[in-house]
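Trainee: output the structure for:
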Amino acid sequence: MNYVEYWNNVYQNKVKFVSNGNDADIPWDIKQPDPNLCELFNFGNKQQGKVLEIGCGSGFDSKYLASLGFDVIAIDVSEEAIQIAKKHHGTNDVTFLNEDFFYYEPSVKFDIIYDRGFLHNYKNEGKFIFEKLSHITNDCGKYIVMTGNPHQQKINTSVPSPVYISEMEYYSFDWFKIILAKEITFNVIEGYENSLGYLFVFEKKNLS
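Mentor: Presented below is the predicted three-dimensional model:
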């Protein structure tokens, strides 16, 4: 099974994440904007600029960013996820696209790229991801990413894949600088145990 088939299976509820969970549960799909994202943007202060969300899932974070005034494109490799996002939110405020980030060639550059849980699934491609981000991000643009945390203890819930700060520094160094790194709670749906995460904010370096 390739990763496109895997993520379609996830959003068709064919993947079970915990031994005692409901087969239909996707633990990280909390059906609301991530509280860490809301806190980062001061719970609703109006903003401007172009935003790309990679791995948007059911689209609640993208919808929140659009509500702040951002011009938002949201992509996911799963066609099933994109259909769910469109069903929840329509298409007036956010442009939802079934695209694979690794092959996506946008016609614009972005002021912010947002990622809740994409990079840590593909961290072996970390260098490639940051290089590609640098090509589609405006000068001094930001990359906001939530990942797993290696300090998380074992729990009976699927937890985000751990990423070390040193790994993020290594992946990003040629193109971005870290301007924020903090431990957060990676929120999941009711009935599952929240886990530790990291919130990183990167700023694109001026390479000229």
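
Trainee: now the helices for the chain?
Mentor: Under the criterion DSSP state H, the chain contains helices at 3-11, 35-40, 60-67, 79-89, 126-136, 165-172.

Trainee: so for Val188, which of these sits nearest?
Mentor: The closest of the helices of the chain to Val188 is helix 35-40. By Cβ to Cβ, the value is 12.0 Å. Backbone N, C-alpha and C define where each C-beta goes, glycine included.

Trainee: list the buried residues for that closest one?
Mentor: Buried positions in helix 35-40, judged by neighbour count with 16 or more other Cβ atoms under 10 Å: 36-37, 40.

Trainee: export the residues you listed as CSV, with columns for distance to Asn13 and pLDDT.
Mentor: As requested, these are exported to CSV (distance: Cβ to Cβ, whole Å; pLDDT from 0 to 100):
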residue, distance to Asn13, pLDDT
Asn36, 26, 96
Leu37, 25, 96
Leu40, 30, 94
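
Trainee: ok, back up a step: from the helices of the chain, which stretch is densest packed?
Mentor: Of all the helices of the chain, helix 60-67 has the most neighbours on average by mean count of other Cβ atoms under 10 Å, namely a mean of 22.

Trainee: avg pLDDT for that one?
Mentor: Mean pLDDT, computed over helix 60-67, is 96.

Trainee: just how off-centre is that helix within its chain?
Mentor: Taking Cα atoms, centre = their mean, to the nearest Å, one finds the center of helix 60-67 at 12 Å from the center of the full chain.

Trainee: quick one on the thing from earlier: pick out the shakiest of the helices of the chain, pLDDT-wise.
Mentor: Per-stretch mean pLDDT for the helices of the chain is lowest at helix 3-11 (a mean of 89).

Trainee: thinking Ala81 is in contact with Val4, fair?
Mentor: No: using Cβ atoms under 8 Å as the test, Ala81 is too far from Val4 to be in contact (11.0 Å).

Trainee: between the helices of the chain, which one is nearest to Thr147?
Mentor: helix 165-172 (7.8 Å).

Trainee: angle of the closest one against helix 126-136?
Mentor: Note on geometry: by axes from the mean of the first three to the mean of the last three Cα atoms, to 10 degrees, helix 165-172 and helix 126-136 are set 50 degrees apart in direction.

Trainee: understood, closing this out.
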